[in-house]
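Visitor: for reference, the sequence and a predicted model appear below.
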Amino acid sequence: MSGALKIELGRRYRFAASHRLHSAHLSEEENSRVFGKCNNPHGHGHNYVLEVTVGGETDPATGMVLDLKDSNHSSTLVVPGDVIKVLGEAPPPTEFFFVGEGLNSPGQKAYHAELTLTQAILASGGVKTSAGSRVRISRQRADGRLINEDYDLRKIQSGKIPDPALQKGDRIEVLGSN
């Protein structure tokens with residue numbers, strides 16, 4: 001074994017993703033019974049944390065584990081069919097947002113920086129089929145009072161207005177019915 005210094009470099013990625021489990025061979029009722037909330041027509045989402053770590057002995061000449069200027073080391077293309085194994089549990093979140101009326105999975109949800117309204121909706125199981133398209137974000141001011149801002153989900157999804165970024169502690173509700 002050499003006396004070279006061993007170093008690990010890591011990066012953490014946070015993202016939200018949704019899915020829908022549905023079989024064309026089953027009726028709507030059977031799909032709902034078999035797959036539960038994962039059969040929501042608008043999707044069912046989760047928040048994920050992906051940590052990537054590389055390590056090894058440092059190069060005696062450069063002091064580096066790998067050359068990050070080398071594009072072969074600093075970027076990896078993931079293509080359909082690749083298998084990525086994520087092992088272990090993500091650390092428990094320390095910051096939250098809250099989901100209420102009109103969403104399939106209400107409650108306290110993990111917040112992370114750069115989380116958008118539509119990502120939060122997907123991570124909350126999507127919008128109930130009986131809910132409308134008007135979404136309210138309530139945010140607590142420094143004096144403890146809430147301020148409300150309403151958004152039209154259809155306009156966000158069609159790209160007519162930006163998908164707003166959430167802040168920790170925000171409350172989300174879908175108002176009205178279709």
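Guide: That came through, no problem.
Visitor: quick one, strands of this structure?
Guide: Taking DSSP state E as the test, the strands found in the chain are 6-19, 44-57, 96-99, 107-110, 131-140, 146-152, 171-177.
Visitor: need those in TSV with distance to residue 70, mean neighbour count and mean pLDDT, can you?
Guide: The C-beta positions use only the backbone N, C-alpha and C, and glycine is treated the same way. Below are the strands of the chain laid out as TSV (distance: least, Cβ to Cβ, whole Å; neighbours: other Cβ atoms under 10 Å; pLDDT from 0 to 100):
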stretch	distance to residue 70	mean neighbour count	mean pLDDT
strand 6-19	13	13	78
strand 44-57	12	14	79
strand 96-99	39	19	92
strand 107-110	35	15	89
strand 131-140	43	17	93
strand 146-152	44	12	95
strand 171-177	43	16	86
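Visitor: now distance to residue 31 too, for those strands, in a markdown table please.
Guide: What follows is those, written out as a markdown table (distance: least, Cβ to Cβ, whole Å):
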| stretch | distance to residue 31 |
| --- | --- |
| strand 6-19 | 14 |
| strand 44-57 | 13 |
| strand 96-99 | 24 |
| strand 107-110 | 24 |
| strand 131-140 | 20 |
| strand 146-152 | 29 |
| strand 171-177 | 23 |
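Visitor: nearest to residue 163, of those?
Guide: Closest to residue 163 of the strands of the chain is strand 146-152 (Cβ to Cβ; 8.9 Å).
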